[in-house]
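J.: quick one: sequence and predicted model below, then my questions.
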Amino acid sequence: MSAIVYLNFDGIAEQAIEFYSEALNATEVKKVKFKDFPQDPNYPLPENELNMIMESSIQFAGGKIMMSDIVPSMKSVTGELVKGNNILISIVNEDKQTLENYFSNLSVNGHVIMPLSHTPWSSCFGMLVDKFGVSWKFNGDADKFLDNIVSGK
């Protein structure tokens with residue numbers, strides 16, 4: 001079983017898909033637009049919403065992120081989108097070079113909260129907020145740290 005992070009955007013999902021696919025060296029990218037499915041004649045979408053992303057996924061390094069747009073005509077059901085403050089994506093990878101690459105790529109036009117560095121709980125830890133307002137945490141050996149805590153070492 002795996003956890004998959006799902007990100008919603010306000011009409012910019014396609015830009016986010018392109019950015020994350022490149023930054024994370026995605027191995028597979030799937031995207032479906034609202035226009036790719038027959039419209040319900042009782043609830044047709046406005047023309048300007050048909051090119052928005054209904055659902056997408058990118059796969060990278062054994063992980064997956066899914067994304068979509070919240071179309072304006074659905075906001076009465078979904079509510080207003082709050083940009084990034086309810087999401088944090090954690091990447092755990094023992095390959096320090098991979099972490100450094102992801103961190104560098106995702107920090108472009110973003111804000112580094114804590115640069116990658118050695119901490120008491122990790123040999124390589126850092127945090128940033130990317131240009132889309134999504135928070136990221138990087139950890140080189142979180143599993144070892146948690147295993148040691150659980151086993152009392």
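T.: Here it is on my side, so go on.
J.: the chain: strands as residue ranges?
T.: Assigned by DSSP state E, the strands in the chain fall at 5-9, 28-33, 53-60, 63-69, 88-92, 111-119, 122-129, 135-139.
J.: quick one: closest of those to residue 42.
T.: strand 53-60 (17.8 Å; C-beta to C-beta). In short, each C-beta sits where N, CA and C put it, glycine included.
J.: can you report how many residues neighbour residue 7?
T.: For residue 7, the neighbour count with other C-beta atoms under 10 Å is 18.
J.: burial check on the spatially closest residue to residue 87 that is not a sequence neighbour, number of neighbours?
T.: Closest residue to residue 87 apart from its sequence neighbours, by C-beta to C-beta, 6 or more residues apart in numbering: residue 134 at 5.6 Å. When neighbours are defined as other C-beta under 10 Å, residue 134 has 22 of them.
J.: for residue 45, see how far away residue 134 is.
T.: 26 Å (C-beta to C-beta, to the nearest Å).
J.: if we can go back for a sec, of the strands of the chain, which shows the lowest average pLDDT?
T.: With a mean of 83, strand 88-92 has the lowest mean pLDDT of these.
J.: quick one: that one to strand 5-9, angle?
T.: 140 degrees (axes from the mean of the first three to the mean of the last three C-alpha atoms, to 10 degrees).
J.: so what does strand 88-92 touch, helix or strand wise?
T.: If you count contacts as 3 or more C-beta pairs under 8 Å, 6 or more residues apart in numbering; DSSP states H and E, strand 88-92 packs onto strand 135-139, helix 142-151.
J.: surely residue 108 meets residue 132?
T.: No. Residue 108 is not in contact with residue 132 according to C-beta atoms under 8 Å; the separation is 11.2 Å.
J.: more neighbours: these two, which one.
T.: The residue with more neighbours, out of residue 108 and residue 132, is residue 132; 20 against 11, by other C-beta under 10 Å.
J.: how close does the more buried one get to residue 125?
T.: Separation of residue 132 from residue 125 (C-beta to C-beta): 22 Å.
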